[in-house]
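Novice: what would the 3D arrangement of this be:
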Amino acid sequence: MSRRRALIDRFYATAHWPLRKQLAVAGVAVVSVAAIVGATIRQDHPTTRPLSAPSTSAPTAGSETSASAEEPATSNDLAPGSTSTPLPASTSSTSTLPMKSPTAAVEALAVLAQIPIEREHRGGYERDLFAVWSDLDDDGCDTRSEVLFEESLTFAQVDTIGCQPVAGDWLSSYDGILVLDASQIDIDHVVALKEAWDSGAWAWQPDRRIAYANDVSDARTLAAVTAESNRSKGDADPSNWLPADDYICQYLSNWVAIKARWSLSMDESEHGRVRNLLRGDCAGTLIEPWSPAP
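Specialist: The predicted structure is shown next:
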């Protein structure tokens with residue numbers, strides 16, 4: 001019995017043991033490789049996927065970003081000394097519904113808060129699309145003449161033929177200059193035609209653009225001013241141009257009223273500058289009710 005045990009012990013002590021050990025190790029290796037291959041297959045071909053798992057991938061170069069990621073207005077867009085944070089840009093399209101007129105005078109800031117903030121539309125503007133200085137009521141006087149008649153401090157003198165004022169007394173609100181010669185007066189669209197186009201008029205029907213350009217139903221839309229001040233202003237909004245200091249607050253009131261009445265938007269710099277002025281030097285500025293736009 002002891003001999004048999006000795007033979008068994010010798011057997012496991014010989015070269016057969018390393019072979020068995022190698023076979024065992026090989027078996028473990030095969031199992032390990034199979035497990036790794038199986039895991040790889042499951043990763044490349046998942047059988048289930050969470051239905052609502054949020055994406056965590058970063059945007060690729062050139063991909064579109066959301067409207068809320070637009071850059072805010074810079075400090076140059078704000079009134080000097082202001083620390084107000086610009087409001088984020090609206091992501092909605094320009095409203096085609098007219099803003100309801102207040103029933104009584106209301107603070108300009110309250111009206112401004114209802115005007116959408118949007119990027120300006122670029123391209124496509126042509127002055128001819130607005131048919132400037134038409135005679136919409138067929139009374140023989142075009143829009144320019146009607147504004148000159150309306151804004152002259154005294155009864156305007158008219159040429160012998162047609163309906164053209166040649167002399168009167170016009171106080172240019174932009175620079176405070178009194179003008180007697182009609183040829184030195186420009187009729188300015190307070191919210192310039194191009195500004196209106198970029199702010200929503202690009203989507204209007206032709207008859208609405210013509211009505212805007214020749215609107216004499218609200219005295220805020222058109223202004224008889226010196227040619228010099230009108231050309232200095234150009235098509236700028238209040239972030240780039242303002243009239244004489246003593247008229248700034250009234251000008252802003254008119255600007256906001258026109259934008260609201262005609263359902264026009266503002267861009268961030270324009271809205272930020274107007275807001276800061278209405279909170280600062282022009283605090284308490286009111287806007288009178290308006291009639292529906294033509």
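Novice: for the stretch 51-200 of the chain, what spans make up the helices?
Specialist: Secondary structure of the stretch 51-200 of the chain (DSSP state H, counting those that start in this stretch): helices at 108-112, 143-151, 193-198.
Novice: report all helices and strands that the shortest one contacts.
Specialist: Counting contacts by 3 or more C-beta pairs under 8 Å, 6 or more residues apart in numbering; DSSP states H and E, helix 108-112 packs against helix 248-261, helix 268-279, strand 286-287. Placement of C-beta: from N, CA and C, glycine included.
Novice: let's see it as CSV, backbone CA atoms only.
Specialist: What follows is helix 108-112, C-alpha atoms only, in CSV (Å, rounded to 0.1, in the frame of the first residue of the first chain):
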residue,chain,number,x,y,z
ALA,A,108,-42.8,103.4,-22.3
LEU,A,109,-40.9,100.7,-20.4
ALA,A,110,-44.1,98.6,-20.1
VAL,A,111,-44.7,98.8,-23.9
LEU,A,112,-41.0,98.1,-24.6
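Novice: that one - what's its average pLDDT?
Specialist: Regarding helix 108-112, the rounded mean pLDDT is 98.
Novice: go through the helices of the stretch 51-200 of the chain and name the closest to Leu178.
Specialist: helix 143-151 (12.1 Å; C-beta to C-beta).
Novice: hmm, who's touching the closest one?
Specialist: With contact meaning C-beta atoms under 8 Å, 6 or more residues apart in numbering, helix 143-151 is reached by 132-136, 141, 156, 163-165, 168, 170, 182, 185, 187, 213-214, 216, 219, 222-224.
Novice: can you do 7 Å?
Specialist: Contact with helix 143-151 is made by 133-134, 156, 163-165, 168, 170, 182, 185, 187, 214, 216, 222, 224, as judged by C-beta atoms under 7 Å, 6 or more residues apart in numbering.
Novice: mind checking which of the residues you listed are buried?
Specialist: By neighbour count, with 16 or more other C-beta atoms under 10 Å, the contacts of helix 143-151 hold 156, 163-165, 168, 170, 182, 185, 187, 214, 216, 222, 224 as buried.
Novice: of all those residues, which comes closest to Leu112?
Specialist: Leu222 (21.5 Å).
Novice: about what we covered before: for the contacts of helix 143-151, which one is nearest Leu286?
Specialist: After measuring those against Leu286 - C-beta to C-beta - the closest member comes out as Leu222, at 20.8 Å.
Novice: which residue packs closest to the closest one, ignoring adjacent ones?
Specialist: With sequence-adjacent residues excluded and distances taken as C-beta to C-beta, 6 or more residues apart in numbering, Leu222 is closest to Val147, at 5.1 Å.
Novice: same check, this time on Trp197
Specialist: Leaving aside its sequence neighbours, Trp197 sits nearest to Tyr125 (C-beta to C-beta, 6+ apart; 4.4 Å).
Novice: low-scoring stretches of the stretch 101-250 of the chain, by residue?
Specialist: Within the stretch 101-250 of the chain, no range satisfies pLDDT under 70.
Novice: name the element Ser239 belongs to?
Specialist: Remark: Ser239 resides in no helix or strand, with elements defined by DSSP states H and E.
Novice: next up, the contacts around Arg209.
Specialist: Going by C-beta under 7 Å, 6+ apart, Arg209 touches Leu129, Phe130, Ala201.
Novice: run the last query once more with 10 Å
Specialist: By C-beta atoms under 10 Å, 6 or more residues apart in numbering, the contact list for Arg209 reads Leu129, Phe130, Ala131, Leu193, Ala196, Trp197, Ala201, Trp202.
Novice: and the host helix or strand of it with helix 248-261, angle?
Specialist: Taking DSSP H and E as the definition, Arg209 sits inside helix 206-213. Counting by axes from the mean of the first three to the mean of the last three C-alpha atoms, to 10 degrees, helix 206-213 lies at 160 degrees to helix 248-261.
Novice: I'd say Glu228 and Ile177 touch.
Specialist: Yes - with contact defined as C-beta atoms under 10 Å, Glu228 reaches Ile177; the gap is 8.4 Å.
Novice: fine, thanks again, bye for now.
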